[in-house]
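# Give me a model of this one.
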Amino acid sequence: KLRILPVPAAHEQLEEDAQGNHRYVGYLIELNGVTLYHAGDTIVYPGLVEKIRGHQVDLAMLPINGRDYFRTSRGIIGNMDYREAAEFAALTGADTVIPLHYDIFTGNAENPGYFIDYLYQNFPTQKAHVLARAERFVYVASRTFRQT
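Okay, the predicted model is just below:
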């Protein structure tokens, strides 16, 4: 069974088009007993933690490249920073978190080690994985009981 649920994403704020559809989205994907949340480009906005927490996420893929005045002034869209992503993963109860968007564009990067260090210091039981370039990653659900 495959289920895909779009989740509104925000660059500083939620935006809608003329038809009232969210301009940016991430996705909750359920397949083979695994629930994946791919946040895409987003910041944490009111209600997002609660929305994701309600889906018992196994694997969360979260941006960590952040935002700041200088990148915004160059037209670079902001995202969660590594601290926000770590807090978000812990608050939503994600089993495992993978940081994203840390090495895509020059001038809009972050060191994924900062993310891992922050998790280690603040959420030592939070599982995480940093992907190598072109790495194949296979996740097997470790939860033995899932509410439906």
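# How about the most centrally placed residue in the chain, nearest residue that isn't a chain neighbour?
Centroid-nearest residue in the chain: Leu62, 2.2 Å away (criterion: C-alpha atoms, centre = their mean). Once flanking residues are discounted, Leu62 sits nearest to Ala85: 4.1 Å by C-beta to C-beta, 6 or more residues apart in numbering. Placement of C-beta: from N, CA and C, glycine included.
# That neighbour touches Gly66, doesn't it?
No: contact criterion C-beta atoms under 8 Å: Ala85 and Gly66 do not qualify, at 9.1 Å.
# Neighbour count: these two, which is higher?
Taking neighbours as other C-beta atoms under 10 Å, Ala85 and Gly66 compare with Ala85 leading, 31 against 20.
# List the buried residues for the worst-scoring helix or strand of the chain on mean pLDDT?
Every helix and strand in the chain was compared by mean pLDDT, DSSP states H and E; the lowest is helix 69-73, with a mean of 85. Judged by neighbour count using 16 or more other C-beta atoms under 10 Å, the buried positions of helix 69-73 are Arg71.
# what does stretch 24-43 give?
24-26, 28, 30, 34-43.
# for the record, mean pLDDT for that stretch?
The pLDDT scores in stretch 24-43 average 95.
# That concludes my questions; thank you for your assistance.
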